[in-house]
Every structure is written in C-alpha cells, then in structure tokens.
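In: show me how the following folds:
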Amino acid sequence: MSKIVCLSTANWHPIPTRKQQVMGRLTGHRVLYFEPPVSRAAPLKDPAAAERLRAWRGEGEHITGSRVTVYATPPVWPLYNKYRLINRINQRAQARYLRRVFKTHGFENPLLWCYSPAAADVVDLLPHRALVYDCVDRHSAYGGLMTPAVVDAMEADLAAKADVVFATARGLCERLKEYNKNTYLIPNGANFELFHRAASERELPFPDELLRVKGPILGFVGMIQPCIDCALLLAVARARPGWSFVLVGAPLPGVDVAPLKAQQNIHFLGLKPHKELPRYLARFDVCLNLFQTGALAQDVSPLKFYEYLATGRPIVSTPQPDQVRDFSDAVYIADGPEAFTAACEKALAERGAWKPQQRISYGRAASWDARVKQMTEILERHGVL
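Out: Numbers count the residues shown, from 1 in each chain. Got it, this is the predicted structure:
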C-alpha cells in the first residue's frame, strides 16, 4: 500500500473534479488530500472565501474516511502568481504545516501528487520518494493577478522535477514534454455509471423546476467561467424564443450573467448536488458545450462534455476545446451564432439509435475507472506505484 499526498487545487466538497475522482479511485493506497489555501485577499472578490478564512484555526480541520483524509491548509499571501518570492515565502509556511501532518499520519516518505505550478517551490521542502504532476489547465491563461511568465516558469520547474507528468489536453502534453519526457496525455473523464442513468429518463424523478419550462430544452451543466461563451448563448436564445435554455450551475465571481438572466427563455436553476444531475440531463433535448476561442479553452478538458457523452443525449459544441473534434461523428460542432443555431436544429431533429449509442460508447471509454487504470499502469511501469 502506497502513501499518497495530494496537493489539490479543489476542495473535497461539494463539486467532484478530476482530483477527487482520481484520489477516490486509487484503491489500496492511503491518501492525505490537502485542499488549496485561501489567499488573504480572496474575500475581496469572493464572500465564501471569507468564511473559509474565519474557519481556519491553525489546526487544519479535516474529514477522515476509511482511506482518504482531507485537510484544509493555512492561508497564503496574495500575488504569489505574480512574484515568485512571495510564492516561496508562502510555500515555506505550507511546508512546515504539511510536515507536521505527515508526522501525525506516519507519512515518512510519501508519493507527492501535485496540481498547481505553485507547488514547484514546496516539493523540495517535503520528504517524498516520488513526484507526480497532473496538469489539468493552462494555468497561465487564467488572467487576473498573475504574471504568465512566472506561472509558466514554476510549471516548467515542477514538471522537470516530476517522475511522471499527466496532462489533460494535447497542447498541454506537447508543452510539458519539453521539460519531462515521461509526460502522458490522460484527458478528463466522467462517472459513467452515474451519468448513464440519464439515458433511461423514465427511471428518474422529474425535477420540479422543469415542470413549467416549455420544450424543447437545451441545457448546460457546470460552473459559468470566463471561458464560457455567454454571448453565443444569448444570441441563440434571442434567435429561437420558442426554445428553453436551462443552466444548471452558477457563475464564478466576476462573470456577468445579467444579460442572460434578463432573457425570458433562459432559466438559471443554480447548483445541484452532483448525484442529482442525471435527473436534469435526462430532460435535456440537447446538451450544450459552450467555450470561447482562446488559450484557456483550447487546452481545457471539460468534465461536462464527457458526462454529456455518458447520457447519450444529443450534444452541440463550439469547436473549442480541441478535444471535441475527436467526437465529430457523434457530436454537432459549430462556430458562431447562426451555425450554432442550425446545429441545434439538427440535434433536435436527430433520429435513429446510432449516434446515441456511439456517444454512450465514447462516454464508457472515458469513464474515471478507465482513466485511473491508465494512470496506475503508467505509474507502475515507472516504479512510482
């Protein structure tokens, strides 16, 4: 049994992302899962961050499971993605805390599994027998209070130090191979068994919020991030007032969704528990994948897209991220409001079983069980697990 320390960029609850899905499936191994630290300046933009700061008492409140133990981490000084010196100061403080937790759990020489370029300045301060960097985004493309060159340099250092690097998109993989030859493409995936339930809609309770929504329903599931093409959605909704557009999710701080909320045929349902999502997807006539053209969207690997595939429902997607082109035989891909509207019409008129079955087949191949099996086989081959 290996001892694995995950330095994550996502809290364990409430939304399961790649980090939780992978760590939860590394059966036979003990995991210490460290949630990302809160910046001391974060409450200025996100009220929820203020609550996390208030909750921090220096003890790292944790959730203990049979195999995975989850810890909060100390708050950090802002601008660490802009000035590397600040990141080094932050990481020294993180390392002191992490080493104490390691000692408590008997993690003398664990496998470190990192998700943030900022970890480049902490790994050398922690005892470890091997290092994995799992790259899920082009981190330097997020914008905000960062210097892209600083973030890219930290990522290059982290990749070079790693025994194995995973990347979720081809562009990320090709870039990181320049720093580490042991770099492998492992896209995101889906909880296939959960989302495949939406293929049999009669077995799922009808969501009350949709009782008064007139069909056809074109739906989107997920957080509304800056890379989501809200302008495209608004244009299509205005062009087809007889269609209903349902968004199951919430905007991230700073994303202006006021124009969408003002449109009568766009319905915001807010965040829903992950296990409840198939109930909504089962009622979608079309699933929407909406990404703006840009560096971030190009190299993203959207969880929602693989979850859509598992349902078998028709999918209409923008050309980005690049990964969607691999599924062009079963997914409708279009760029621009007019072409996207026309693609939605084709999807609504879809007949026959071939495309739904092909989407389900793709979704099954992209299950998290299959992805983690690929990862463990690679790590075993390199002697990491």
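In: tell me which residues touch Cys230, please.
Out: Contacts for Cys230 (C-beta atoms under 8 Å, 6 or more residues apart in numbering) come out as Ile224, Val255, Asp256, Val257, Pro259, Leu260, Leu290. Where C-beta positions appear, they are placed from N, C-alpha and C, glycine not excepted.
In: just those residues: which has the poorest pLDDT?
Out: On pLDDT alone, Val255 ranks lowest of those, at 90.
In: how about that one: what's its closest non-neighbour residue?
Out: Distance criterion C-beta to C-beta, 6 or more residues apart in numbering; nearest residue to Val255, sequence neighbours excluded, is Ile224 at 5.4 Å.
In: about what we covered before: which among the contacts of Cys230 count as buried?
Out: Taking 16 or more other C-beta atoms under 10 Å as the criterion, what is buried in those is Ile224, Val257, Leu260, Leu290.
In: is it true that the last one touches Pro321?
Out: It stands for Leu290. No - when contacts are counted by C-beta atoms under 8 Å, Leu290 is not listed as touching Pro321 (11.2 Å).
In: could you export stretch 257-266 as PDB, CA atoms only?
Out: Extracted as PDB, the C-alpha positions of stretch 257-266 are listed here (Å, rounded to 0.1, in the frame of the first residue of the first chain):
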ATOM      1  CA  VAL A 257     -24.600  36.900 -16.300                       C
ATOM      2  CA  ALA A 258     -27.100  39.800 -16.000                       C
ATOM      3  CA  PRO A 259     -27.900  39.800 -19.800                       C
ATOM      4  CA  LEU A 260     -28.600  36.100 -19.700                       C
ATOM      5  CA  LYS A 261     -30.900  36.400 -16.700                       C
ATOM      6  CA  ALA A 262     -32.800  39.200 -18.500                       C
ATOM      7  CA  GLN A 263     -33.600  36.800 -21.400                       C
ATOM      8  CA  GLN A 264     -37.000  35.200 -20.700                       C
ATOM      9  CA  ASN A 265     -36.200  31.800 -22.300                       C
ATOM     10  CA  ILE A 266     -33.000  31.300 -20.300                       C
END
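In: and the contacts of that stretch?
Out: With C-beta under 8 Å, 6+ apart as the criterion, stretch 257-266 contacts 224, 230, 233-234, 237-238, 240-245, 247, 251, 268.
In: among these, which are in strands?
Out: Judged by DSSP state E, these include Ser244, Phe245, Leu247, Phe268 as members of strands.
In: would you turn these into a markdown table with neighbour count?
Out: As requested, the ones in strands among the contacts of stretch 257-266 are arranged in a markdown table below (neighbours: other C-beta atoms under 10 Å):
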| residue | neighbour count |
| --- | --- |
| Ser244 | 21 |
| Phe245 | 24 |
| Leu247 | 24 |
| Phe268 | 16 |
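In: which non-adjacent residue is nearest Arg197?
Out: The shortest distance from Arg197 to any non-neighbouring residue, by C-beta to C-beta, 6+ apart, is to Pro278 (4.4 Å).
In: okay, and the one you found sits in which element?
Out: Under the criterion of DSSP states H and E, Pro278 resides in helix 277-281.
In: for Leu288, same thing?
Out: Using DSSP H and E, Leu288 falls in strand 286-289.
In: related to what we said a few turns ago, pick out the most distant pair among the contacts of Cys230.
Out: By the measure C-beta to C-beta, Asp256 and Leu290 form the most distant pair in these, at 15.3 Å.
In: was I right about Val248 contacting Tyr280?
Out: Yes - if you go by C-beta under 8 Å, Val248 and Tyr280 touch, sitting 5.1 Å apart.
In: mind checking what secondary structure Pro253 has?
Out: Under DSSP: H, G, I helix; E, B strand; the rest coil, Pro253 falls in the coil class.
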